[in-house]
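Asker: Using only what follows, build the 3D model:
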Amino acid sequence: MRITRKSGFAAAGLVVVSALTLAGCSSSSSEPAASESADGLTIGSVDLAAAGCPADIRIQTDWNPESEHGHLYQLLGDDYTIDSDEKSVTGPLMASGEYTGVDVTILSGGPATGFTQPNAQMYNDPSIFMAYVGTDEAIAHSGDLPTVGVFAPLQKDPQMIMWDPETYPDVKTIADLGTEGVTIRVFPGGTYIDAFVGQGILSADQIDSTYDGTPAVFVSEAGEIAQQGFASAEPYIYENEVTQWGKPVSYQLINDAGYPKYAAVLSVIPENIDAYSECLTALVPVLQQATVDFFAEPQPTIDLILELVDAYDTGWVYSQGVAEYSVDTMLSDGIAGNDADGAMGTVDATRMTDLFDLVTPIYTEQGLPVKDGVSVDDIWTDQFLDSSITF
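Answerer: Numbering: from 1, shown residues only. Sure, this is the predicted structure:
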């Protein structure tokens, strides 16, 4: 096993996010006296060890390290250990620069887990405390792999469908692609596509489920087809890194087209809501503040993300340009930020109800293990969120 250590982030210029107004982490004006951990680190105002959290909070992500996960990598300070075999990084869990008395391990997903879903990984490996679970996946597996979300770092799923604006100048939305009858290449099995077809936004004969994640067909078709992707990555990649294309694409988020999924919701198994209630009460505000801190000053964490991509060496390519574009786009497109009521990290009840209405018939028809009578309360709780922590 190859272990790589690093002390300190690489020096880099700061990306200033002027649109953010940062709220302070809610803490008592009379902070408890600092204590010292077994390894000599001074515990700050948040003591997750005293709150009964695991000594190593292991968190399973859904993909290689990327800026969309920046809120998690923000938890790591200057002293961390990279496990290039497990594709994980471990270090003292920091809350705005203060040690919390426990470690955090962030585990990569996708190729690192053989593309096993994070909820399944959490059930396969009891050492995993939290995992990314999309709200549609939580519904689909509410019967066999039940999870409860406690923190939603993204307001919108960054998934989108993109097209060439030169070829289709009148297309502004995914619904317009449907009207124009444009072929859309997607990965097989996307519930959002089934939902769009069921809603009449797209037609079944438009869908080409042969997308393999590479740009070759989109380029060879010279803009005649549309394609799925992530708003926080592909538009930059196609314009700046796919030399055979080298021009802008247009896109619409699937959320804005009528599929109101929350992606990458940090979730636990249901019994841990009660068993680790005190821990989650202390931990979730730390996750909230780490999200705010990351977007305020992303560059040091981006440096770590890029280091991890190199160390894990999964064949995935991720550049500084994409990482920075991702941060900017998540803010400008409302993928990250406060909701309409000024809160962050929570989910909207109306959107969740709409999602249930959309996907439950699809999953029932597919024979997926949806729990009989499953409701929003089964897959989400906001009881641990601190409403004073916002962008």
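Asker: mind listing what D194 touches?
Answerer: D194 makes contacts with I362, as judged by Cβ atoms under 8 Å, 6 or more residues apart in numbering. All C-beta spots, glycine's among them, are computed from the backbone N, C-alpha and C.
Asker: how about the helices of the stretch 151-300 of the chain, start to end?
Answerer: 174-180, 191-199, 216-220, 234-240, 271-275, 277-296, 299-312 (DSSP state H, counting those that start in this stretch).
Asker: Give me the contact list for the third one.
Answerer: Identification of contacts with helix 216-220 by Cβ under 8 Å, 6+ apart yields 185, 210-211, 225, 227, 238, 242, 244-245.
Asker: Okay, and which of the residues you listed map to strands?
Answerer: 185, 227 (DSSP state E).
Asker: and the contacts of helix 216-220, which are buried?
Answerer: 185, 211, 225, 227, 238, 242, 245 (16 or more other Cβ atoms under 10 Å).
Asker: quick one, what contacts the fourth one?
Answerer: Pointing back at Q227 there. The contact partners of Q227, taken as Cβ under 8 Å, 6+ apart, are 161-163, 184-186, 211, 217-218.
Asker: quick one, what contacts the spatially most central residue of the chain?
Answerer: Against the mean C-alpha coordinate of the chain, by Cα atoms, centre = their mean, the closest residue is A264 at 3.8 Å. A264 is in contact with 61-62, 68-69, 132-134, 152-154, counting by Cβ under 8 Å, 6+ apart.
Asker: which of the contacts of Q227 count as buried?
Answerer: 161-163, 184-186, 211, 218.
Asker: Turn these into TSV, including pLDDT.
Answerer: Listed next are the buried ones among the contacts of Q227 as TSV, based on pLDDT from 0 to 100:
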residue	pLDDT
I161	98
M162	98
W163	98
I184	98
R185	98
V186	98
Y211	96
F218	97
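Asker: now, the most widely separated pair of these?
Answerer: W163 and Y211 (13.8 Å; Cβ to Cβ).
Asker: With distance to S250 added, can I get the buried ones among the contacts of Q227 in a markdown table?
Answerer: As requested, the buried ones among the contacts of Q227 are exported to a markdown table (distance: Cβ to Cβ, whole Å):
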| residue | distance to S250 |
| --- | --- |
| I161 | 10 |
| M162 | 7 |
| W163 | 6 |
| I184 | 14 |
| R185 | 16 |
| V186 | 17 |
| Y211 | 18 |
| F218 | 13 |
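Asker: right, and out of these, which lies closest to P111?
Answerer: Scanning those for proximity to P111, where the rule is Cβ to Cβ, the winner is Y211, at 16.8 Å.
Asker: Report the beta-bridge partners for the spatially closest residue to the closest one that is not a sequence neighbour.
Answerer: Among residues not flanking Y211 along the chain, R185 sits closest, at 4.2 Å (Cβ to Cβ, 6 or more residues apart in numbering). On the basis of DSSP bridges, R185 is bridged to D208, Q227.
Asker: repeat for I106
Answerer: In beta-bridge terms (that is, DSSP bridges), I106 pairs with I59, V89.
Asker: and what of S267?
Answerer: Going by DSSP bridges, S267 forms beta bridges with A131, G149.
Asker: count of residues packed around it?
Answerer: 28 (other Cβ atoms under 10 Å).
Asker: do the same with the one 4 residues further on
Answerer: Applying the criterion other Cβ under 10 Å, we find 10 residues in the vicinity of E271.
Asker: Let's see the pLDDT reported for G40.
Answerer: Looking at G40, its pLDDT reads 77.
Asker: cool, and V322?
Answerer: In this prediction V322 is given a pLDDT of 98.
Asker: got it, and A296?
Answerer: pLDDT for A296: 98.
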